[in-house]
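Enquirer: next input, structure requested:
(one chain, ligands or ions: 3)
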Amino acid sequence: MDNRVIIFDTTLRDGEQALTASLSVHEKLQIAQAIERLGADIIEAGFPVSSPGDFQSVQQIAKTVKNSIVCGLSRAVEADIKACADALKVADQFRIHTFISTSDVHVQQKLRKGFDDVEAMAINAIKYARKFTDDVEFSCEDAGRTPIDNLCRMVENAIKAGATTVNIPDTVGYTIPNEFGGIITQLFNRVPNIDQAVISVHCHNDLGLAVANSISAVQVGARQIECTINGIGERAGNCSLEEVAMIIKTRQDFLGVHTNINHQEIARSSKLVSQLCNMPVQPNKAIVGSNAFSHSSGIHQDGMLKAANTYEIMTPESVGIAKTKLNLTSRSGRHVIKHRMESLGYQESDYHLDELYDDFLALADKKGQVFDDDLEALLFNIQQQEEKDFYHLETMNVQCGVGEFATASIKLVSGQQNQITSATGNGPVDSLYRAIKQAVDIDFEVSDYKISNKGTGEDGLGKADLVVNWHGRNFHGYGLATDVIEASGQALIHCLNSIHRAKTIAEIKEQQKIAQV
Ligand SMILES: CC(=O)SCCNC(=O)CCNC(=O)[C@H](O)C(C)(C)COP(=O)(O)OP(=O)(O)OC[C@H]1O[C@@H](n2cnc3c(N)ncnc32)[C@H](O)[C@@H]1OP(=O)(O)O
Ligand SMILES: CC(C)C(=O)C(=O)O
Ligand SMILES: [Mg+2]
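Expert: Ligands and ions are numbered 1, 2, ... in the order given. Next up, the predicted model:
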């Protein structure tokens, strides 16, 4: 049996079904190109009959993508299959995917037919699709809940009718791994022509088992996995592409199979999908969560510093993430503090480790995560005096309207001084930031700015997250207020207070150097 597992990406079809806002044709094309770079063998680009917009985006993707087979979905209905063929015919290589339900509940309650009727519809649909291409996939929707005799019968007849790939979906994420693997085994044992088609699986995550079920199926002979980037899809989502790809790579010793995925493209593709689909990735998500390669406790950090494979079974670089993060928290130990001080350029003789560690713990208990600037501030013992912010936005007045420049006037308290400035800008936040910039002696550049909402309805708050660059270093600040302009102002003041502290440390270091000379 071939030991390559075909990766069929359905981010733009099943994944897209779960989005709250629609993607433009251009955005779908961007995602398709990322999936192509990622090395997916097949890209399911959409459901062409469903809307003119989807038809257009499938067609555009079919025209553009060269290294993956482009596929479209259709019910077991000629009009759907014809729409698929029309949208896909411009592609170098294309696949028509047609499906019909096979479980009793779907056949009887949803389709309101008998099993013989849906079998006939499936056979006709496959034969019709074969008129347009030799690459036809057929799915038995809700296979996970289909009586095994019916499933065997449908798979055998689908292959006879010309399906070159037969997909076994666990549409509602109902099965558990050895049960699902057992279904696939039974198909291999009972369907006489099974060797004439690729057996595929398409698992949903309602019980959090989509990845485990897919891997279980591969272990008994399935050779195509249908999955999505970040696991997005109907309800609790689909099998996550990055997880199966990394399981197959990391545990090749056990599974003995491989994929064509370019693993180093994983992080980039995940970020793109998350951003364009407005679907944030949970921090603890395997492989692509922001915490997936972070270590926060002292014993783990000590292990990581001695040998990375003590706590990492794959490297962050292997999935395109720059490096492991060692977060400084009140669970951190002395080893990591010493290591961080070294990387900040300090030798052990420059400080007393136990004293610094005690101060660090006190700050970490208060603050949560301690950053490099905080650590240096502890070293120079300026934490205490700087605890009170240097900059404080006392008043702000921002006016804006359509077709007019926005204007902002502010009163900023800087230490003992008050500054009153005003500026115009392209929008309210731009004018506010220009007015603040005039009032401070810091030459910063805004490099990232995001607004999100916290809470809902009238009680909802706007959160501004800002990254500013000062002398090649990035400083993050945030602000939270009912008014997003005020939140944006607070975020900048937060950054400026961090920069002020970094400046003070740099000045102290400079004075120390002069004193030593
Ligand atoms: C498990 C999955 O993810 S399946 C894919 C789900 N994706 C989508 O549904 C997105 C695209 N869908 C759509 O745009 C629309 O639902 C369309 C264009 C397909 C159909 O729209 P409408 O004609 O208005 O029908 P509607 O969606 O309300 O109902 C579905 C109809 O298709 C039938 N149907 C469902 N699956 C199939 C199938 N595989 N083959 C044939 N008919 C089917 C249903 O029985 C129902 O038929 P009925 O009208 O005779 O009762
Ligand atoms: C159309 C099929 C493959 C599907 O998405 C499912 O059954 O979940
Ligand atoms: Mg699905």
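Enquirer: list the residues that contact A491.
Expert: Listed by CB atoms under 8 Å, 6 or more residues apart in numbering, the contact set of A491 reads 464-466, 477-479. (Each C-beta comes from the backbone N, C-alpha and C, glycine too.)
Enquirer: equivalent analysis for E226, please.
Expert: Counting by CB under 8 Å, 6+ apart, E226 makes contact with 8-10, 14, 44, 167, 169, 200-203, 238-239.
Enquirer: what bridges to it?
Expert: With DSSP bridges as the criterion, E226 is bridged to F8, H202.
Enquirer: same thing with Q417?
Expert: Beta-bridge partners of Q417, counted by DSSP bridges, are S414.
Enquirer: begin at 173, not 1, for the rest of this chat.
Expert: Yes, from this point I'll number from 173; that puts the last item at Q589.
Enquirer: relative to V221, how far out is it?
Expert: Distance of Q589 to V221, given as CB to CB, to the nearest Å: 67 Å.
Enquirer: before we move on, what about V574?
Expert: V574 sits 40 Å away from V221, going by CB to CB.
Enquirer: between those two, which one's more packed in?
Expert: More crowded of V574 and V221, by other CB atoms under 10 Å: V221, with 20 against 4.
Enquirer: so when I look at that one, I'm seeing a helix, right?
Expert: Yes: applying DSSP: H, G, I helix; E, B strand; the rest coil, one finds V221 inside a helix.
Enquirer: check whether it really touches S246, as I assumed.
Expert: Yes: counting by CB atoms under 8 Å, V221 touches S246, with 6.4 Å between them.
Enquirer: for the residue lying closest to K497 once chain neighbours are set aside, the count of nearby residues, please.
Expert: Taking CB to CB, 6 or more residues apart in numbering, and ignoring the residues beside it in sequence, K497 has S466 as its nearest neighbour in space, at 4.1 Å. The local packing of S466 (other CB under 10 Å) involves 15 other residues.
Enquirer: repeat that for K626.
Expert: K626: 11 surrounding residues under other CB under 10 Å.
Enquirer: residue contacts, the residue nearest to it when sequence neighbours are not counted?
Expert: Excluding the flanking residues, the one nearest K626 by CB to CB, 6+ apart is L633, at 4.6 Å. When contacts are counted by CB under 8 Å, 6+ apart, L633 touches 625-627, 652-654, 659.
Enquirer: give me the lowest-pLDDT entry from the residues you listed.
Expert: Within the contacts of L633, G627 has the lowest pLDDT, namely 69.
Enquirer: related to what we said a few turns ago, go through the contacts of A663 and name the one nearest ligand 2.
Expert: Taking CB to the nearest ligand atom as the measure, ligand 2 lies nearest D637 of the contacts of A663, at 35.1 Å.
Enquirer: measure how buried that closest one is and give me the count.
Expert: For D637, the neighbour count with other CB under 10 Å is 17.
Enquirer: quick one: name whatever helix or strand follows the helix or strand of the chain with the lowest mean pLDDT.
Expert: Here the helix or strand of the chain ranked lowest by mean pLDDT, DSSP states H and E is helix 555-558, holding a mean of 50. Tracing the chain past helix 555-558, the next element assigned as helix or strand by DSSP states H and E is strand 563-571.
Enquirer: can you name every helix or strand that that next one contacts?
Expert: Judged by 3 or more CB pairs under 8 Å, 6 or more residues apart in numbering; DSSP states H and E, strand 563-571 is in contact with strand 578-586, helix 600-611, helix 656-688.
Enquirer: what's the pLDDT at G651?
Expert: We have a pLDDT of 89 for G651.
Enquirer: backbone phi and psi for the closest residue to R185 other than its chain neighbours, please?
Expert: With sequence-adjacent residues excluded and distances taken as CB to CB, 6+ apart, R185 is closest to E216, at 4.2 Å. Backbone torsions for E216, taken as degrees, to the nearest 10, come to phi -80, psi 110.
Enquirer: surely E216 meets L184?
Expert: Yes: counting by CB under 8 Å, E216 touches L184, with 6.6 Å between them.
Enquirer: how about the contacts made by the residue nearest to the spatial centre of the chain?
Expert: Among the residues of the chain, the one closest to the centroid is S442, at 3.8 Å (CA atoms, centre = their mean). By CB under 8 Å, 6+ apart, the contact set of S442 is 401-402, 414, 453, 459-460.
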